Each structure stands twice: as structure tokens, then as C-alpha cells.
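Chemist: Here is my input, please return the structure:
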Amino acid sequence: MRIATLLALALTGTLVAAPTATAKTNSVSEITDSLARTISVELTDKDARHALTKMAPLDAVDPSSLDVHGRLTRPLATANADLLTAKGLPAGSARLARIRLAHDSMVSQLRSGAAPMMAAAPNDDGATEFTGYLPGGKALTLSTATIPSRPVVFVEVDVTTAVQLGTEVIKRHTGTPVAARAAGGYWATQITSIRFGDVQEPWFKGDAEIFAITGGFDMNGDVRADTLTLPYLDDENKTYYPNQLVLHWNRYKYSAADIVFMEDDGDTNYLNLAKALVAALAYILDGGAYVPLVNAILDALPTSWWTDDPDFVDACYTITRDTTATMNCAGGNGTLGVRPFWVNEL
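Modeler: Next comes the predicted model:
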């Protein structure tokens, strides 16, 4: 993505700050907790409970499947609209609310008739407890230390869709990419293999949703940051072979760039992330030599995000156009295989 336009505005003093007074926006946790409580009331109905049982094992499905009498239509519409706002995504762009069974071990209990609890999936990996709601809405406090024996159905965000939409938001708010034309095509860097030892996910979280931020200097000497989704990368200690293009060298002035890998746990606001990237990178100037940008990208993340969302997974410094290697990332958590790849012009 291109950030030069906003960088220039910032440097010339013509970037006008947004008003500080804004309406309160509910957090993802507040929205999903409210929806969990609402759905739990609906589960006093045997038809709704039966619909839930038929869906086991759950795999992040739309909660409208439980709306057997139409009573959830309005709460679901409100929750989905609020989630888009909380995530900094365009109104009406998706239905983000999802439900899933907290753990595979709960399938048999659910099918045998055990009363399910609804809960908001904890967004903080370090959470020690969370609130669950019995059918009818009674709240109970559950520990994250052990998997509950009672079936728990989590309400959460469809982070796969959110990451895809979020990268588009960042592109729109950080300008238009400028790339150099090369006769016949250009060189790119291809990911041949990728593996992480820890994707920061405890038992109460679903699959990881990894995305990457790449950083380098564009042809005009301006700092640029691009985002990349890696939707296939779900499990830790598993090697994937995506053959995905991660760096497009016709966009860069120098033959070097960095990659930061992050994991979206649900609360990431992509509009705020775009603004933070612009602010953090705006005053880095091209001094005629490549400067690693990993620290600047990490500094763009608000301090509160480091408590859980988004999780820093690892960073790989100074990948060049000619790099052919299986390299360990800086934190020792990631292993990345890369090679040059020629992209032919049509």
C-alpha cells in the first residue's frame, strides 16, 4: 500500500487532525458478550437448542442459524453493525458475528442433551476467567485454566473476513501504490515454506488469523507499508508451503525490506491501524541507504494492543531481492523459506 500522499501532507503541515470528541464505540468484547447473553435467553426454547445440537461440532457459523422464531433478527443486525464499527470496517460490508463450540471435547455432551452455555470468546490471551450464560441468561464465571465439562458456545468475530476487509481499509487510507514498470515483468519474493512455533492461541481461541506488514522505501524514497493475509496459517508447529508472493520489488527503491507477522484476535481496528502506521512512519526519511523498519512498524501499534490484540508473532529483517534461504525470524518463533520469483508481464 502507498503512504506517500499522507506522509507528504504530514510533513508539509497540511494534514488536519480529526476532532478529538467522538461518540463512544462499544468494544468487540462488550458487543459479543451482549449477544451471547441475548442468545442464551433464546436457548430456553427447545427448537433453538435442537438447532444448536444439530450444528455440532461447530465451526464458526453464523448465529442466525439459531433464529428459528425470528426473535434474534434485530439483535443480530445490531451486533453485526456494531462489530463493523468497532473493527473500523465499512458499514454493511459483512456479517462478522460467529458462534463456535469452544472445544471438540464438548461435542458429546452437547449431543447428549447437556445445557449449553453461551459466552463471548475472551480477547485477552492472558485472561484467567470469563462469563458464561446458561439458557435463560443466568451468568456464571468460568476459569480459562481448564476446559469446562459443560459445553460452551463462543460468540466471536469472523477474523478471516475482518482481516481481508481490513487490509482494504488500510490501502484506501494510505494512498495509491506506485510501482516501477519493467519490460517483460518484475522480480518478487515467494514464500516457499512458513512455520511458527507459537501462534499465541490458548484453548479458548479458534484458529489463528495471521497477517503480515511489510516495510521498505518506494521508488520516490518514501516509506511504504503493505499488508498481506495468510489465511492458511492456522496451527503452530506445522509447516505450510503456500508459494505466496510477499514482496514485489518493482515497488521498492532498495533491494531490502522487512516483514512483521501479527495475529488478529478480534479487537483490531483497521482504521486506527492505518492512522497509526501513517503517524509512525511519516518522519522516516530516505538517507540514501536502507533503514530497517520493523521497530517503526511495531511502534505504530498502540500500547493497549500489546496486551493481546493484535499479537506480535515474529519479524524477519532485511529480505533482499536475491534471498534464497530458509531463515529464522528475529524472535526465533518463525521459520520462513523464500526465493526470488520472476513475474511475467501479460
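Chemist: Tell me which stretches of this protein form helices.
Modeler: 4-12, 28-42, 46-55, 73-86, 107-111, 159-173, 270-281, 294-299 (DSSP state H).
Chemist: Tally up the residues packed near Leu281, please.
Modeler: Other residues near Leu281 come to 23 when the count uses other CB atoms under 10 Å. Where you see a C-beta, it was placed from the backbone N, CA and C, and this is true even at glycine.
Chemist: gap between the residue lying closest to Thr318 once chain neighbours are set aside and Gln109?
Modeler: Leaving aside its chain neighbours, Thr318 sits nearest to Ala256 (5.2 Å; criterion: CB to CB, 6 or more residues apart in numbering). Going from Ala256 to Gln109 by CB to CB, to the nearest Å gives 54 Å.
Chemist: quick one: which of these two has more around it?
Modeler: Remark: of Ala256 and Gln109, Ala256 carries more neighbours, 21 against 18, as counted by other CB under 10 Å.
Chemist: okay, the residue nearest to Thr318: pLDDT?
Modeler: On pLDDT, Ala256 comes in at 92.
Chemist: wait, what's in contact with it?
Modeler: Listed by CB atoms under 8 Å, 6 or more residues apart in numbering, the contact set of Ala256 reads Gly216, Tyr290, Thr318, Ile319, Thr320.
Chemist: Looking at those, which are in strands?
Modeler: Gly216, Thr318, Ile319 (DSSP state E).
Chemist: Just give me the closest of those to Asn237.
Modeler: Nearest to Asn237 among the ones in strands among the contacts of Ala256, counting by CB to CB, is Ile319 at 23.0 Å.
Chemist: burial count for that closest one?
Modeler: Close neighbours of Ile319, defined as other CB under 10 Å, add up to 21.
Chemist: What of the one 5 residues further on?
Modeler: Other residues near Thr324 number 12, with proximity taken as other CB under 10 Å.
Chemist: and the gap between it and Ile99?
Modeler: From Thr324 across to Ile99, the span is 44 Å (CB to CB).
Chemist: re the thing from before, highest neighbour count among the contacts of Ala256?
Modeler: Ranking the contacts of Ala256 using other CB under 10 Å puts Gly216 first, with 24 neighbours.
Chemist: Before we move on, what's the pLDDT of that one?
Modeler: We have a pLDDT of 88 for Gly216.
Chemist: go on, the one 3 residues further on?
Modeler: Looking at Met219, its pLDDT stands at 86.
Chemist: Would you agree it is in contact with Arg251?
Modeler: Yes. Contact status for Met219 versus Arg251: in contact at 7.4 Å, counting by CB atoms under 8 Å.
Chemist: Who has more neighbours out of the two?
Modeler: Between Met219 and Arg251, Arg251 has the larger neighbour count (other CB under 10 Å), namely 22 against 14.
Chemist: domains of this structure?
Modeler: 4-22+159-344, 28-157 (automatic domain parsing).
Chemist: pLDDT averaged over the last one, what's the number?
Modeler: Meaning domain 28-157. 90.
Chemist: would you list every one of the strands in the stretch 151-300 of the chain?
Modeler: 152-157, 185-196, 210-217, 223-230, 244-248, 257-263 (DSSP state E, counting those that start in this stretch).
Chemist: JSON lines please, covering those and showing distance to Asn344.
Modeler: What follows is the strands of the stretch 151-300 of the chain, written out as JSON lines (distance: least, CB to CB, whole Å):
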{"stretch": "strand 152-157", "distance to Asn344": "39"}
{"stretch": "strand 185-196", "distance to Asn344": "4"}
{"stretch": "strand 210-217", "distance to Asn344": "22"}
{"stretch": "strand 223-230", "distance to Asn344": "21"}
{"stretch": "strand 244-248", "distance to Asn344": "13"}
{"stretch": "strand 257-263", "distance to Asn344": "22"}
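Chemist: re the thing from before, of the helices of the chain, which is nearest Arg224?
Modeler: Arg224 lies closest, by CB to CB, to one member of the helices of the chain: helix 4-12, at 7.1 Å.
Chemist: Pull out the buried positions in stretch 122-138.
Modeler: For stretch 122-138, the neighbour count (16 or more other CB atoms under 10 Å) marks Pro122, Asn123, Asp125, Phe130, Thr131, Gly132, Tyr133, Leu134, Pro135, Gly137 as buried.
Chemist: got a list of contacts for that stretch?
Modeler: Under CB under 8 Å, 6+ apart, the answer for stretch 122-138 is 28-29, 33, 36-37, 40-41, 43-44, 49, 115-120, 139-145, 148, 152, 200-202, 204-205, 265-267, 307-309, 311.
Chemist: List buried residues within the residues you listed.
Modeler: Listed as buried from those are 28-29, 33, 36-37, 40-41, 43, 49, 116-120, 142, 144, 148, 152, 200-201, 204-205, 265-267, 308-309, 311; burial here means 16+ other CB under 10 Å.
Chemist: In the stretch 151-300 of the chain, where is pLDDT below threshold?
Modeler: The stretch 151-300 of the chain contains residues with pLDDT under 70 at 174-182, 199-203, 206-208.
Chemist: hang on, Glu156 packs against Ala60?
Modeler: Yes. Between Glu156 and Ala60 there is a contact under CB under 8 Å: 7.4 Å.
Chemist: Same drill for these two, tell me which one is more crowded.
Modeler: Glu156 (26 against 16).
Chemist: what's near enough to touch that one?
Modeler: Going by CB under 8 Å, 6+ apart, Glu156 touches Thr32, Ala60, Ala97, Arg98, Ile99, Arg100, Ala120, Ala121, Gly206, Gly266.
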